[in-house]
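K.L.:
I need the structure of the sequence given here:
(chains A and B)
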There are 2 protein chains.
Amino acid sequence: MLPARTLVGTLFLVAAVSSAAVPAATAEDECDLPEEMVREIRSYAPVADKIIRFVTEGKFKGRTWNKLAGFVDKFGSRIAGSQNLENAIDFMLNELRKEGLDNVHGEEVTIPHWVRGRESAKLLEPRMQTLPILGLGGSIATPKEGITAELLVVDSFDELHHHKEQAKGKIVVFNENYTTYGESVRYRDYAAVEAAKLGGVATLVRSVTGFSIASPHTGWQDYDTNVTQIPTASITIEDAQMLSRMFKRGEKLKVRLYMEAKTLPPAKSRNTVAEIKGKEKADEVVLVSGHLDSWDVGQGAMDDGGGAFVSWLSLAAIRKLDLRPRRTLRAVLWTAEEEGLVGAASYVEKHKSEEGKLNFVMESDEGTFTPQGLVFSGSKTAGCILKEVLKLTASINTTNFQLEKNVGSDITLWTSKGLPGASLMNANEKYFWFHHSAGDMMTVEEPRALDLCTALWAVSSYVVADLSFGIPRN
Amino acid sequence: MLPARTLVGTLFLVAAVSSAAVPAATAEDECDLPEEMVREIRSYAPVADKIIRFVTEGKFKGRTWNKLAGFVDKFGSRIAGSQNLENAIDFMLNELRKEGLDNVHGEEVTIPHWVRGRESAKLLEPRMQTLPILGLGGSIATPKEGITAELLVVDSFDELHHHKEQAKGKIVVFNENYTTYGESVRYRDYAAVEAAKLGGVATLVRSVTGFSIASPHTGWQDYDTNVTQIPTASITIEDAQMLSRMFKRGEKLKVRLYMEAKTLPPAKSRNTVAEIKGKEKADEVVLVSGHLDSWDVGQGAMDDGGGAFVSWLSLAAIRKLDLRPRRTLRAVLWTAEEEGLVGAASYVEKHKSEEGKLNFVMESDEGTFTPQGLVFSGSKTAGCILKEVLKLTASINTTNFQLEKNVGSDITLWTSKGLPGASLMNANEKYFWFHHSAGDMMTVEEPRALDLCTALWAVSSYVVADLSFGIPRN
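P.N.:
Below is the predicted model:
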């Protein structure tokens, strides 16, 4: 996760990333579900315990980490349009079939195809220093000889507009403060547009993270069709602060930026689908999901290998335990999330007629660190049902529940329309330290945390899919 | 800090890095200083408070950070042999004179001159992936066409010797676990020698740090004159773990390593010296120090810009307050610490005849984060005096005292011979996250912490230099 322009749920993001602090219950949080409903949910305690034991202590123990490590080591990064991604999808389709899942197939999607190419930035004045950069997704290239220009360094869009007469012909550097991802990401997203409006020739944007070890962080950015496109790249926190200090001392700064980035014709990719067919209401669906594509740096182990693997391995665990819920349990591994929920948007469009049968949607795309519970979006009654379901996971401490207007990244396409959904709440305080950087490697993931995530995911999706009653909508 | 081969004080290092946990006082820690001695030390309370207020709240507030930022932004990294380092020394000599300090001068030293040149590593099999590297100090180059070879990946020297028949012709990758710097750094230091003994053609060593965001960490390494020299570089934790996982799965791994590194003829550099001449016992010296050279990545703000600046700014603060102690207070900004305490060794050698007059030596080279007190080496009585001196800094919470056999990096050349000395104890739990990496930038340093370091440094050095009695030796 996630492209800035889809940040319908900015508030959610703020909350999710500081999800350790769960608000205390208030009167209006109190649930008043019919007693028989509560009794039915509680009757799942034995099967929930069985799933949890199997995944965290039984034969499934360590399997999520092992499978994920094998996958990300085999394919590396998987950016939309790359052969890596398509090979990874082929591999996954085969894996899902080997797990004995039902209706395993790919669903074709046309996706953007942006490629980075070589890129570099060098401070030329007042002294020479290489600046590590990552071009931002969708950026155009510089001319072949690069762009050599003076810098205008600003701390905010406001400051840019205060100095708008200075922007012309300059490379504009944004040294925005990091508050939350949801708030600060607008600099990555709109830097090029805002600078170009004032005649800026390129932008260098401080990476959107609260902590760095000289690590640039990429991500999608948006041009405006009415504004000249200029090359745009991320720089490290350290360099942004250094350039800002130098600029404020009145020094003349000059940089040579070189980028080969280009957008190729749209490519073909696939959402990857697997199911456990429901035994009674097979046309009703509970959907679990994560995205298989990643940025083109690191291994995409965290964003979103972990989320995708927790999702399909939940189905694999349920299948291994010979459980089959009333409704169909469907895992969808989205493609081209990073370019703007492209796979999910195509899926939503193609499956519009079945939307009435979509009972509950789940997504894990904010890390698979130690799980804590669910972030939920939907009606009060639906929330109360989910809270009760979460109690079944008390033995692994994942009963936290947080209500938000919107949840997730890909699934916001549904939850923003009122469909009930949930995303994984986890101890993801360091998520943005690695996010969209070369540090998104398997080292970030931990076997026990992944087992717990899979267990929580499997229990909650299975129980919701098997209840005699559906999750009510708004 | 610090080259591995000078790790006389390994235990100290372990302690310093976890210095937050200060051992509780035991009976043998108890001090029994003569009452008049205690009374005399306590009489410095007004002057100590004056220094502390001046540095942390008065005109000096923020000055250490500002001066350090200006310096590291102006010169960037300052590796031994570079023009940057000599320019930085010229600048410092001028600064120290402008501060009105006494006897400002450089003392010439012949130093090693190693240059990195271009370098790269690429995984070729089973798939293509660029591996970020930093060649290790002193390494030789690869041939012009690079070295393309299969990998042998081991977790330890023991494991290497268990598989010694497999090393021939291989690039040996060390994926050692990180315990402490003092313990794990032997892999950086001796990897090339151990691998070459078994016919290895190059080594890639996991960076010596407990945490990484895809950051390689350089550092000096030692060849053995009796063993073939082979190129050696650091890789990231993430890549070392990935290669290890792949190797353990039985995959054939192949890497192309390219390094232009070379050792040029020895160069001339200088230790930078400034003083406040003592008003009564000018031949007796209390010495504060840090090193001006750095690695050739990042800005050397933490290692050891902070330590060097805390040291000279302590003298500057004392001068600004018109204080002049009985003994001479001397700041020495070492050169070529990173290549093996080369500047300090030269200084010790040239000043041997004055060693009897060296009353107390201090060094800051393990970070200038929030200060906590002093790590001390010397006799029990000397320690008791220092503990009493530290009480004068109670208002800034820097009264912690820790006894070690040896302290510091450069000053171990004295403390290992029994001279009393101290190094700065500070909240440096993250020190090795940035150490010898591109992340050693000004972003690591914090104005308030630096003020507190300078205040502690100034009070303790001034009081020790002014006491009517000298610090007793072992």
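
K.L.:
Pull up the residues of the stretch 51-200 of chain A that are close to chain B.
P.N.:
Residues of the stretch 51-200 of chain A lying near chain B by Cβ under 8 Å from any Cβ of the partner chain: A:69-70, A:73-76, A:126-127, A:129, A:132. From N, CA and C alone the C-beta is placed, and that goes for glycine too.

K.L.:
what two of those residues have the greatest distance between them?
P.N.:
Across those, the longest distance by Cβ to Cβ is 49.0 Å; it joins A:Gly70 and A:Pro126.

K.L.:
roughly how far apart are A:Ile140 and A:Ser77?
P.N.:
From A:Ile140 over to A:Ser77 the distance is 22 Å, taken as Cβ to Cβ, to the nearest Å.

K.L.:
of these two, who's got more company?
P.N.:
Neighbours per residue, other Cβ atoms under 10 Å in any protein chain shown: of A:Ile140 and A:Ser77, the larger number sits with A:Ser77, 21 against 18.

K.L.:
For that one, which residues are in contact?
P.N.:
Neighbouring residues of A:Ser77 by Cβ atoms under 8 Å, 6 or more residues apart in numbering or on different chains: A:84, A:294-300.

K.L.:
name the element it belongs to?
P.N.:
Under DSSP states H and E, no helix or strand contains A:Ser77.

K.L.:
ok, now A:Val273?
P.N.:
Assessed by DSSP H and E, A:Val273 sits inside strand A:262-276.

K.L.:
What strands line up against that strand, and which way round?
P.N.:
Here strand A:262-276 has these sheet partners by DSSP bridges: strand A:102-115 (antiparallel), strand A:327-334 (antiparallel).

K.L.:
Single out the most deeply packed of the ones you listed.
P.N.:
Most buried of these by mean neighbour count (mean count of other Cβ atoms under 10 Å in any protein chain shown) is strand A:327-334; its value is a mean of 28.

K.L.:
Report the next helix or strand after that strand in sequence order.
P.N.:
Strand A:327-334 is succeeded, C-terminally, by helix A:342-350 (DSSP H and E).

K.L.:
what's in contact with that following helix?
P.N.:
By Cβ under 8 Å, 6+ apart, helix A:342-350 touches A:80, A:107, A:109-112, A:269, A:271, A:289, A:291, A:293, A:332, A:334-337, A:355, A:410-411, A:413-414.

K.L.:
How about stretch A:149-163?
P.N.:
For stretch A:149-163, contacts defined as Cβ under 8 Å, 6+ apart pick out A:166-167, A:169-177, A:187, A:190, A:194-195, A:198, A:200-202, A:204, A:243-244, A:246-248, A:252-255, A:257.

K.L.:
Straight-line length of it, end to end?
P.N.:
17 Å (Cα to Cα, to the nearest Å).

K.L.:
Am I right that A:Lys319 sits in a strand?
P.N.:
One thing to correct before we go on: residue A:319 is Arg, not Lys. No - using DSSP: H, G, I helix; E, B strand; the rest coil, the assignment for A:Arg319 is helix, not a strand.

K.L.:
any idea of the pLDDT on it?
P.N.:
Note on A:Arg319: pLDDT of 98.

K.L.:
State the distance from it to A:Phe54.
P.N.:
According to Cβ to Cβ, A:Arg319 and A:Phe54 sit 11 Å apart.

K.L.:
Kindly report the same for A:Leu450.
P.N.:
14 Å.

K.L.:
Comparing those two, which residue is more hemmed in?
P.N.:
More crowded of A:Leu450 and A:Phe54, by other Cβ under 10 Å: A:Leu450, with 28 against 19.

K.L.:
now the angle from whatever helix or strand the more buried one lives in to strand A:327-334?
P.N.:
For A:Leu450, the element it lies in under DSSP H and E is helix A:447-466. If you take axes from the mean of the first three to the mean of the last three Cα atoms, to 10 degrees, helix A:447-466 sits at 130 degrees to strand A:327-334.

K.L.:
Where does the prediction get shaky in chain A?
P.N.:
Residues of chain A that meet the criterion pLDDT under 70 lie in A:1-29.

K.L.:
let's see 80
P.N.:
The model of chain A has pLDDT under 80 over residues A:1-29, A:474.

K.L.:
which stretches of the stretch 51-200 of chain A form strands?
P.N.:
Ranges of strands in the stretch 51-200 of chain A, per DSSP state E, counting those that start in this stretch, are A:102-115, A:119-125, A:129-131, A:133-135, A:147-154, A:171-174.

K.L.:
Can you tell me the strand partners of the fourth one and which way each runs?
P.N.:
Okay, so that is strand A:133-135. If you go by DSSP bridges, strand A:133-135 pairs up with strand A:232-235 (antiparallel).

K.L.:
Please point out which parts of the following helix or strand past the strand it pairs with sit buried.
P.N.:
Per DSSP H and E, the first helix or strand lying C-terminal to strand A:232-235 is helix A:237-248. Neighbour-count burial for helix A:237-248 flags A:237-247 (criterion: 16 or more other Cβ atoms under 10 Å in any protein chain shown).

K.L.:
Then stretch A:465-474?
P.N.:
Judged by neighbour count using 16+ other Cβ under 10 Å, the buried positions of stretch A:465-474 are A:465-467, A:470-471, A:473.

K.L.:
Repeat that for stretch A:124-134.
P.N.:
Residues of stretch A:124-134 classed as buried: A:129, A:131-134 (neighbour count, 16+ other Cβ under 10 Å).

K.L.:
Between these, which sits nearest chain B?
P.N.:
Chain B lies nearest to A:Gln129 out of those, by Cβ to the nearest Cβ, at 5.5 Å.

K.L.:
so the closest one touches A:Ala121, yeah?
P.N.:
No - if you go by Cβ atoms under 8 Å, A:Gln129 and A:Ala121 don't touch, sitting 9.6 Å apart.

K.L.:
Show the subsequent helix or strand relative to the strand holding A:Val273.
P.N.:
Using DSSP H and E, the helix or strand that directly follows strand A:262-276 along the chain is strand A:281-291.

K.L.:
elements contacting that following strand?
P.N.:
Contact here means 3 or more Cβ pairs under 8 Å, 6 or more residues apart in numbering or on different chains; DSSP states H and E; on that basis strand A:281-291 packs against helix A:306-320, strand A:327-334, strand A:358-363, helix A:447-466.

K.L.:
so that strand versus strand A:327-334, what angle?
P.N.:
Going by the same axes, to 10 degrees, strand A:281-291 makes 30 degrees with strand A:327-334.

K.L.:
Okay, and which of the residues of the stretch 51-200 of chain A next to chain B map to helices?
P.N.:
Under the assignment DSSP state H, these contribute A:69-70, A:73-75 to helices.

K.L.:
okay if I get these as JSON lines plus neighbour count?
P.N.:
Shown next, in JSON lines, are these (neighbours: other Cβ atoms under 10 Å in any protein chain shown):
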{"residue": "A:Ala69", "neighbour count": "23"}
{"residue": "A:Gly70", "neighbour count": "16"}
{"residue": "A:Asp73", "neighbour count": "22"}
{"residue": "A:Lys74", "neighbour count": "17"}
{"residue": "A:Phe75", "neighbour count": "23"}
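
K.L.:
where's A:Gln241 relative to chain B, distance?
P.N.:
In this view, A:Gln241 and chain B are 5 Å apart by Cβ to the nearest Cβ, to the nearest Å.

K.L.:
wait, A:Pro420 sits on A:Ile471?
P.N.:
Yes - look at A:Pro420 against A:Ile471 with Cβ under 8 Å: they come within range, at 4.9 Å.
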